[in-house]
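>>> structural data only, the sequence is not supplied:
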């Protein structure tokens, strides 16, 4: 096998697409995925995320437990790709985004408390490790079911700062202030966009 040949990303490997990036299963390893950009903004996003995970956070990225592990870059049929872990539930299913679950009344009725404590745990971990993001939206959070009742929430997109001089990378108070603003913006976003009664209650209870 010629290791210089690009990995072929076909439609049957497709996982999801955002405003600037697409995500595919790695064709040789379904425990990993490949993010590729499909416009210049996506390229900028991916390079910022990788730099943040590998140079700024360093060991904190893995210690936090809420960020996907990064496994380097590869060439693909869609350009340069960046390899991360796929997040699976305990039963082998791919973890679902918070955005989907907040629109599911049956799920919220059954798992409201597990989801609330998972979100509070995510919030406290962001503060503990000073993890900076461009924005925190429900679609950027995966709810990993670690057993039938409990959840670990993973932050999978938009890591790092877009500031020209990111003071929040190097000064704790600036990081804490930015995390609080981003988190409370998430709570307001949930209250505005997810109108189920329990989603509204959740938005109130997770704010800081």
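Received, thanks. Just so you know, these numbers come straight off a predicted model, no measurement behind them.
>>> walk me through which strands the biggest strand by length in the chain pairs with, and which way each runs.
Using DSSP state E, we find that the single longest strand of the chain is strand 29-37. When pairing is defined by DSSP bridges, strand 29-37 lines up against strand 21-26 (antiparallel), strand 79-85 (antiparallel).
>>> contacting residues for residue 193?
Contact analysis of residue 193 by CB atoms under 8 Å, 6 or more residues apart in numbering lists residue 138. C-beta coordinates here come from the backbone N, C-alpha and C atoms, glycine included.
>>> who's in contact with the closest residue in space to residue 129 that isn't next to it in sequence?
What sits nearest to residue 129 in space, not counting adjacent residues and going by CB to CB, 6 or more residues apart in numbering, is residue 64, at 4.4 Å. With contact set as CB under 8 Å, 6+ apart, residue 64 has these partners: 57, 125, 128, 129, 131.
>>> average pLDDT across the longest strand of the chain?
Averaging pLDDT along strand 29-37 yields 97.
>>> domain-wise, how is the protein divided?
Using automatic domain parsing, the domains assigned to the chain come out as 11-85, 96-206.
>>> most neighbours among the contacts of residue 64, which one is it?
The most neighbours of any of these, using other CB atoms under 10 Å, belong to residue 131, which has 24 neighbours.
>>> from residue 10, how far out is the residue nearest the centre of the chain?
In the chain, the residue lying closest to the centroid (CA atoms, centre = their mean) is residue 156, at 1.6 Å. Separation of residue 156 from residue 10 (CB to CB, to the nearest Å) stands at 22 Å.
>>> list the contacts of the residue nearest to residue 186 when sequence neighbours are not counted.
Spatial nearest neighbour of residue 186, excluding adjacent residues (CB to CB, 6+ apart): residue 136 at 4.4 Å. Taking CB under 8 Å, 6+ apart as the criterion, residue 136 is in contact with 155, 158, 182, 183, 185, 186.
>>> redo the domains of the chain as TSV? Include distance to residue 5.
TSV is the format used below for the domains of the chain (distance: least, CB to CB, whole Å):
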stretch	distance to residue 5
domain 11-85	8
domain 96-206	28
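>>> between the ones you listed, which one is closest to residue 4.
domain 11-85 (7.9 Å; CB to CB).
>>> chain center to that closest one, what's the gap?
11 Å (CA atoms, centre = their mean, to the nearest Å).
>>> what's the single longest helix in this structure?
helix 105-129 (DSSP state H).
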